[in-house]
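S.K.: sequence below, structure please.
(chains A and B)
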Amino acid sequence: MNSRLGAAVLAVVLVAYPFVDQAVGLHTVHAVSDGMIYMLLALGLNIVVGYAGLLDLGYAAFFAIGAYAMGLLNSPVLGSPLYGHAWSFWLCIWVAAAVSALLGLVIGAPTLRVRGDYLAIITLGFGEIIPVAIRNLGDVTIEIGGWRPIERLNLTGGENGVNPVGRPYLPGVPFETDPVPWYFLILIIGAASVWAMTRLRDSRLGRAWMAIREDETAADCTGVNPVSTKLLAFALGASFSGFAGSVYAAKLQAITPGAFEFQVSIMLLCMVVLGGAGSIRGVVLGAMLITVFDRVILSQTTFLVRGIGRTLGVPALVSLDLTLWRWFFFGLGLVLVMLLRPQGLAGRRVQPLAGADVDEAAALDAAPPRVEAIPRWLREQIATGPVAQADALLDVRGLTKAFGGVVALNAVDLVVPRGGIIGLIGPNGAGKTTFFNVVTGLIRPDAGRLTFAGASLVGLRPNAIVARGIARTFQSIRLFQYMTVLDNVLVGEHCRLEARVAGAVLRPPRVRAEEARARERARSLLTFVGLSGKEDELARNLPYGDQRRLEIARALATEPRLLLLDEPTAGMNPRESHTLTDLIGLLRRELSLSILLIEHDMQVVMRISDRITVLDYGTRIAEGTPTEIQRHPRVIEAYLGTGAPQEPVVPGV
Amino acid sequence: MLELADLHTYYGNIRALRGLSLSVERGEIVTLIGGNGAGKTTTLRTILGLVRPRRGSVTFNGTRVDTLATDRIVRLGVAQSPEGRHIFPRMSVLENLELGAFARRDRDGIAPDLERVLSLFPRLRERLTQKGGTLSGGEQQMLAISRALMARPELLLLDEPSMGLSPILVETIFRIIQDINRQGTTILLVEQNARMALRVAHRGYVIQTGRIVLHDAAAALLRSDLVRKTYLGEK
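M.R.: Model prediction:
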């Protein structure tokens, strides 16, 4: 209720402000409107940097593209062949956004394989290219022999820029003379953008962006397509700045290339980082602080200091101009934020939820998994899945992979039957995890066949393989650390959900129902693995054993037919291992889920596996039932050692 | 040699250690066993100064170290093989090992120690020029332990050294732990594999929710009801 009251107060203040301003005679409406345009830009950048985690240092280029798209369509100064048609301002802002989005895709495409530093450098280059291109496209002549198809074409106005630009027209609204209509126009666009972004953030797409930010490989292996997800972030981020650029051009009635230089990109990045990357509230706050500081505080302080200088008779103070120091203060502010509050002023939560004192005795006695707790939807999805019929669910023949001179996998054969649990064991470095990486598409095999439910998997991307019905966990846990427990599981459902951009923003009943169902499913999965009540905790704050269970819940959320578990009981005590083994057995028995298991705990492997394959130096050295494997001389020599459980473990769950 | 007295360590609002006290005498192997989230790793992190206790003290060889920076504590003779390995993935195996000896002053001792860890882990010798990140999980574990040994510490902190290792290697690792100890290194061992840990240790502490609940000679702990039920998985 409090937040609703706050929102109402905010709305009243925003609506009343320009009238109060005019009544008092402050004349700040123009400055505030400009500030809101920068806020809009910062929010667009937040999609790219804050959500998707892609460091973009050349974001102002998209701002420029939006502005010049408006100029090309709506300014008589430019020799644009497009000018003169009935382009109204209201149409142009959409065209400008679309052009920016398109360029976002063009820029995004080649940068998709790179991350971090490399991506930053590429966007830096792009941010430099655009202003230079704008400066030099003011006078274009193309001459082929004596033929000049294009002569002295003015595309951008060159150094002089574009002036004037067509204004919006609404009957009875004085856009020409009064700043107030501009204020409300930008306020409406800004409010709509915040609304759309909030909905995007809380959608299937927003979760996918954050998953990419947290761990791209894990996201890929959880069914999120990193290529299209990143492209979408780039394109949407760019379209917001296209809007901002076109409105900016029409409002200022003048565009100059200087308005889009590298420093603008940096200022926008400052707003995002200062407020807190990934937080809409934070970015709005950051943009407001920087704008107010830049436009009001610096100039007012300058007046004040000069006044003091005059009274005291100090000439150095009289001639001081603090606005020339603005970059000094921005830089200083950024340094201080990074030192004192690296997550930003209103940044993401990193601390554990308060009061989450874990009762360890209770945790140790964690209830064993129960048949009734298996979510019914999971049972239905998996039992009626399209691949329920195949006998050999996964059929691997002659799989070979070499890294340089090291043969990691050498003609390995392995079959996982439907509903079977197959153990994969072997000395450290034998190629077990490499085998998983090949099956899940992270590594392409050099040779061999990989057939899942009758269709080849070779050449498919990891997320496509997840969609086919193979899910995995990782040896060293790879959760989306700064996402909540619930969101981690929801990312698992990503490939089974359908909401796209329009659906995520507009939320038609179909999308609402899908999202509600997804949440319900995620909660039931968490209850099943014993994590109910921890939905809103950040994954990184869970104790180790819970993180392992969460990884399994996330894998199950993809509705797999085959589950690859890489040392699921590593780091667990015997009791926890036992509970987890029960859980694995239950999944097989009740869901006829097939499981391929890498595990060093022989108590677990021998107890639960139908058959075991042993790898050593990438080669299969043995295959058989647990009893056969325990007696196999080569396995004892290479792997088990003589101290292995002497009393034979009775197999069968 | 090492004395922890009434340690209270917090992560934000979460109380990870609630008045934990334990001691390690020179020449001992002491093991700290407990469930996930009990505070084992936090104890090691507090000893090394990676997190600061709100209350209590850490004394090493008579010196209060709970206010010192981590690198200073390492120079005093404490080294750790961290859980989750934390090797340097883009440096070669050899470079990883050499970095382990970074804080040492006795340059002449380094080469024999390198030879010693490579004979303990012949697998690493095969991979000396490979990048750390290309090693398998178990091999990285061997590298992390070896790197800690290269510091020739007086006190070695081992966090789950058997994690992710094949059964034959688990045996080897525990044999190596005993060897290292006989050669004069004191060891504080954190393990989930309580059975193996208690077999090699002299004394053991059982930690639950940030407190020591049981403390005895290792052989006695192996026979105690609490340990057998909770940590050895016996019914």
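
S.K.: for the one helix or strand in chain B whose mean pLDDT sits lowest, name the packing helices and strands.
M.R.: Within chain B, no helix or strand scores below helix B:225-230, which has a mean of 83 by mean pLDDT, DSSP states H and E. Judged by 3 or more Cβ pairs under 8 Å, 6 or more residues apart in numbering or on different chains; DSSP states H and E, the packing partners of helix B:225-230 are strand B:211-217. Bear in mind the C-beta positions are built from the backbone N, C-alpha and C, glycine included.

S.K.: walk me through which strands the strand it packs on pairs with, and which way each runs.
M.R.: Here strand B:211-217 has these sheet partners by DSSP bridges: strand B:203-208 (antiparallel).

S.K.: quick check: mean pLDDT across the partner strand?
M.R.: Averaging pLDDT along strand B:203-208 gives 93.

S.K.: can I get it as CSV, trimmed to CA atoms?
M.R.: Extracted C-alpha coordinates of strand B:203-208, given in CSV (Å, rounded to 0.1, in the frame of the first residue of the first chain):
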residue,chain,number,x,y,z
ARG,B,203,42.2,-35.2,16.9
GLY,B,204,38.9,-34.1,15.6
TYR,B,205,36.3,-31.4,16.1
VAL,B,206,32.7,-31.7,15.1
ILE,B,207,31.1,-28.4,14.1
GLN,B,208,27.4,-27.7,13.9
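
S.K.: distance between that strand and the chain's centre?
M.R.: Centroid displacement of strand B:203-208 relative to its chain, using Cα atoms, centre = their mean, to the nearest Å, is 14 Å.

S.K.: do the same with stretch A:156-173
M.R.: Distance, stretch centre to chain centre, for stretch A:156-173: 36 Å (Cα atoms, centre = their mean).

S.K.: ok, stretch A:481-489 next?
M.R.: 13 Å.

S.K.: same check on stretch B:167-184?
M.R.: Between the centre of stretch B:167-184 and the centre of its chain there are 13 Å (Cα atoms, centre = their mean).

S.K.: list the buried ones in that stretch?
M.R.: Going by neighbour count (16 or more other Cβ atoms under 10 Å in any protein chain shown), the buried part of stretch B:167-184 is B:Pro167, B:Ile168, B:Leu169, B:Val170, B:Glu171, B:Thr172, B:Ile173, B:Phe174, B:Ile176, B:Ile177, B:Ile180, B:Asn181.

S.K.: from these, which is closest to chain A?
M.R.: Nearest to chain A among these is B:Ile168, at 3.4 Å by Cβ to the nearest Cβ.

S.K.: so where is chain A shaky, pLDDT-wise?
M.R.: Applying pLDDT under 70 to chain A flags the ranges A:1, A:79-81, A:83-86, A:114-116, A:348-368, A:383-390, A:642-653.

S.K.: may I ask you to name the longest helix in chain B?
M.R.: helix B:167-182 (DSSP state H).

S.K.: wondering if the helix or strand that comes right after that one reaches chain A at all.
M.R.: As assigned by DSSP states H and E, the chain's next helix or strand after helix B:167-182 is strand B:186-191. No: on the criterion Cβ under 8 Å from any Cβ of the partner chain, strand B:186-191 is out of touch with chain A, staying 9.3 Å away.

S.K.: in its sheet, what does strand B:186-191 sit against?
M.R.: strand B:29-33 (parallel), strand B:155-159 (parallel).

S.K.: turn those into CSV, including mean pLDDT and mean neighbour count.
M.R.: Listed next are the strands paired with strand B:186-191 as CSV, based on pLDDT from 0 to 100; neighbours: other Cβ atoms under 10 Å in any protein chain shown:
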stretch, mean pLDDT, mean neighbour count
strand B:29-33, 95, 26
strand B:155-159, 92, 24
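
S.K.: of those strands, which is nearest A:Pro509?
M.R.: Of all those, strand B:155-159 sits nearest to A:Pro509, with 51.8 Å by Cβ to Cβ.

S.K.: so the closest one versus helix B:167-182, what angle?
M.R.: Here the directions of strand B:155-159 and helix B:167-182 differ by 160 degrees (axes from the mean of the first three to the mean of the last three Cα atoms, to 10 degrees).

S.K.: can you give me phi and psi for the closest residue to chain B within the stretch 451-600 of chain A?
M.R.: The stretch 451-600 of chain A approaches chain B most closely through A:Pro574 (2.7 Å), counting by Cβ to the nearest Cβ. A:Pro574 adopts backbone torsions of phi -50, psi -40, taken as degrees, to the nearest 10.

S.K.: would you agree it is in contact with B:Tyr231?
M.R.: Yes: the criterion here is Cβ atoms under 8 Å, and A:Pro574 meets it with B:Tyr231 at 6.9 Å.

S.K.: more crowded one of these two?
M.R.: Neighbours of A:Pro574 and B:Tyr231, each counted by other Cβ atoms under 10 Å in any protein chain shown, are more numerous for B:Tyr231; the result is 27 against 20.

S.K.: and stretch B:21-36, how far from the chain's centre?
M.R.: Relative to its chain's centre, stretch B:21-36 lies at 10 Å (Cα atoms, centre = their mean).

S.K.: er, stretch B:87-103 I mean
M.R.: For stretch B:87-103, the separation from the chain centroid amounts to 18 Å (computed by Cα atoms, centre = their mean).

S.K.: and if you look at stretch B:150-160?
M.R.: Worked out by Cα atoms, centre = their mean, stretch B:150-160 lies 6 Å from the chain centre.

S.K.: hmm, back to that, would TSV of the strands paired with strand B:186-191 with distance to A:Glu261 be doable?
M.R.: Formatted as TSV, those follow (distance: least, Cβ to Cβ, whole Å):
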stretch	distance to A:Glu261
strand B:29-33	58
strand B:155-159	50
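
S.K.: where do the strands of the stretch 551-653 of chain A begin and end?
M.R.: Taking DSSP state E, counting those that start in this stretch as the criterion, the stretch 551-653 of chain A carries its strands at A:562-566, A:594-598, A:611-616, A:619-624.

S.K.: same check on chain A?
M.R.: With DSSP state E as the criterion, chain A has strands at A:140-144, A:147-153, A:392-403, A:406-417, A:421-425, A:447-452, A:455-456, A:470-472, A:562-566, A:594-598, A:611-616, A:619-624.

S.K.: figure out which of those strands is closest to B:Leu124.
M.R.: Closest among the strands of chain A, using Cβ to Cβ: strand A:406-417, at 14.6 Å.

S.K.: and the contacts of the closest one?
M.R.: For strand A:406-417, contacts defined as Cβ atoms under 8 Å, 6 or more residues apart in numbering or on different chains pick out A:391-402, A:422, A:424, A:431, A:434-435, A:438, A:445, A:447-448, A:562, A:594-596, A:610, A:613, A:615, A:617-620.

S.K.: and it with strand A:562-566, angle?
M.R.: Angle of strand A:406-417 versus strand A:562-566, following the same axes, to 10 degrees, is 140 degrees.

S.K.: in its sheet, what does strand A:406-417 sit against?
M.R.: Sheet partners by DSSP bridges: for strand A:406-417, these are strand A:392-403 (antiparallel).

S.K.: list the buried residues in the strand it pairs with.
M.R.: Within strand A:392-403, the residues that count as buried by 16+ other Cβ under 10 Å are A:Ala392, A:Leu393, A:Leu394, A:Asp395, A:Val396, A:Leu399, A:Thr400, A:Lys401.

S.K.: what about the residue of the stretch 451-600 of chain A closest to chain B, distance to A:Gly53?
M.R.: Separation of A:Pro574 from A:Gly53 (Cβ to Cβ, to the nearest Å): 39 Å.

S.K.: so for chain A, the centremost residue is which one?
M.R.: Note on chain A: the residue nearest the mean C-alpha position is A:Trp209, at 1.9 Å, using Cα atoms, centre = their mean.

S.K.: ugh, typo on my part, it should be chain B
M.R.: Judging by Cα atoms, centre = their mean, chain B has its centre closest to B:Leu158, at 1.4 Å.

S.K.: report the buried residues of the lengthiest helix in chain A.
M.R.: Counting by DSSP H, the longest helix found in chain A is helix A:226-252. Residues of helix A:226-252 classed as buried: A:226, A:229-252 (neighbour count, 16+ other Cβ under 10 Å).
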